[in-house]
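Visitor: Fold the following and give me the result.
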Amino acid sequence: MLPVETMQRNGLAPQMIQRIVRLRDIYNYMLRNPLKKDREYIDYITSSYEEDGQPLSKRKAYEDIEILHAIVGSLQMCTKEWHRWRFNNMIMEGYAIALRKQDAAAIAKLAQQYGKYNGLDKTDERDYGFSQIPKIIFVFDVSSLGFKPIPNVYELMDRLIAKYSGTTLECIAEDADAVEIANEPVKLLENGNTTAVSE
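Guide: Got it, this is the predicted structure:
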């Protein structure tokens with residue numbers, strides 16, 4: 001973005017300086033018209049610039065577009081934030097024109113649009129102080145909760161897994177206090193307990 005005079009002093013070739021200036025102009029045109037297609041940018045370039053007294057060739061125009069896409073990307077993929085910034089700029093440009101022309105109706109309308117678009121008529125969201133909530137830090141030291149650490153806890157885990165990993169339902173039944181219930185109808189008592197009723 002150096003001035004032309006500085007580029008000349010730095011020894012850049014005139015053709016290079018001419019191309020840099022052209023790329024700057026095309027870039028600004030793309031910013032003013034971000035929703036145009038590449039074909040429309042090509043038409044602008046070929047109609048605005050000449051080379052050796054002839055309109056700039058489409059090949060050179062496509063090269064320029066390719067260079068700009070590599071530098072700034074495709075403006076058709078720009079974010080909503082960019083469009084919001086652009087829309088606010090358009091309102092301010094119109095506001096400046098309305099001020100120069102002393103058009104009170106246009107000034108009022110643009111000011112209303114600016115306020116509505118930026119939500120100036122709405123109250124700011126309340127800060128609920130979520131930032132004050134302390135961060136939760138996970139630790140594996142049980143003593144931080146007041147518990148006494150189990151020495152060699154991993155070895156104990158391995159022993160328990162080895163002891164109970166092969167347990168079957170029959171083994172559990174042998175250790176449990178179970179009461180056999182005959183295949184008889186069950187009656188619900190008033191206290192909530194059940195009893196077998198013989199037919």
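Visitor: same for the longest helix along the chain, what does it pack against?
Guide: In the chain, taking DSSP state H as the definition, the longest helix is helix 80-101. Counting by 3 or more C-beta pairs under 8 Å, 6 or more residues apart in numbering; DSSP states H and E, the packing neighbours recorded for helix 80-101 are helix 104-117. To be clear about C-beta, it is placed using only N, CA and C from the backbone, and glycine gets the same treatment.
Visitor: lowest-confidence helix or strand of this protein?
Guide: strand 194-196 (a mean of 49; mean pLDDT, DSSP states H and E).
Visitor: For the longest helix of the chain, output the C-alpha coordinates as PDB.
Guide: Coordinates of each C-alpha in helix 80-101 appear next as PDB, following Å, rounded to 0.1, in the frame of the first residue of the first chain:
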ATOM      1  CA  LYS A  80     -22.600 -11.400   8.700                       C
ATOM      2  CA  GLU A  81     -20.400  -9.200  10.800                       C
ATOM      3  CA  TRP A  82     -18.800  -7.800   7.700                       C
ATOM      4  CA  HIS A  83     -22.300  -7.100   6.200                       C
ATOM      5  CA  ARG A  84     -23.300  -5.400   9.400                       C
ATOM      6  CA  TRP A  85     -20.300  -3.200   9.300                       C
ATOM      7  CA  ARG A  86     -21.000  -2.500   5.600                       C
ATOM      8  CA  PHE A  87     -24.600  -1.600   6.300                       C
ATOM      9  CA  ASN A  88     -23.700   0.800   9.100                       C
ATOM     10  CA  ASN A  89     -21.200   2.400   6.700                       C
ATOM     11  CA  MET A  90     -23.900   2.800   4.100                       C
ATOM     12  CA  ILE A  91     -26.200   4.500   6.600                       C
ATOM     13  CA  MET A  92     -23.400   6.900   7.700                       C
ATOM     14  CA  GLU A  93     -22.600   7.700   4.100                       C
ATOM     15  CA  GLY A  94     -26.300   8.500   3.400                       C
ATOM     16  CA  TYR A  95     -26.400  10.500   6.700                       C
ATOM     17  CA  ALA A  96     -23.500  12.600   5.500                       C
ATOM     18  CA  ILE A  97     -25.200  13.300   2.200                       C
ATOM     19  CA  ALA A  98     -28.500  14.200   4.000                       C
ATOM     20  CA  LEU A  99     -26.600  16.600   6.200                       C
ATOM     21  CA  ARG A 100     -25.000  18.300   3.300                       C
ATOM     22  CA  LYS A 101     -28.300  18.700   1.500                       C
END
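Visitor: Tell me which residues of that helix come out buried.
Guide: If you call a residue buried by 16 or more other C-beta atoms under 10 Å, then helix 80-101 has these buried ones: 91, 94, 95, 98.
Visitor: Over to stretch 30-50?
Guide: 30, 41, 42, 44, 45, 49.
Visitor: Can you add pLDDT and secondary structure and give the residues you listed back as a markdown table?
Guide: What follows is those, written out as a markdown table (pLDDT from 0 to 100; DSSP: H, G, I helix; E, B strand; the rest coil):
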| residue | pLDDT | secondary structure |
| --- | --- | --- |
| 30 | 85 | helix |
| 41 | 89 | helix |
| 42 | 90 | helix |
| 44 | 92 | helix |
| 45 | 91 | helix |
| 49 | 89 | coil |
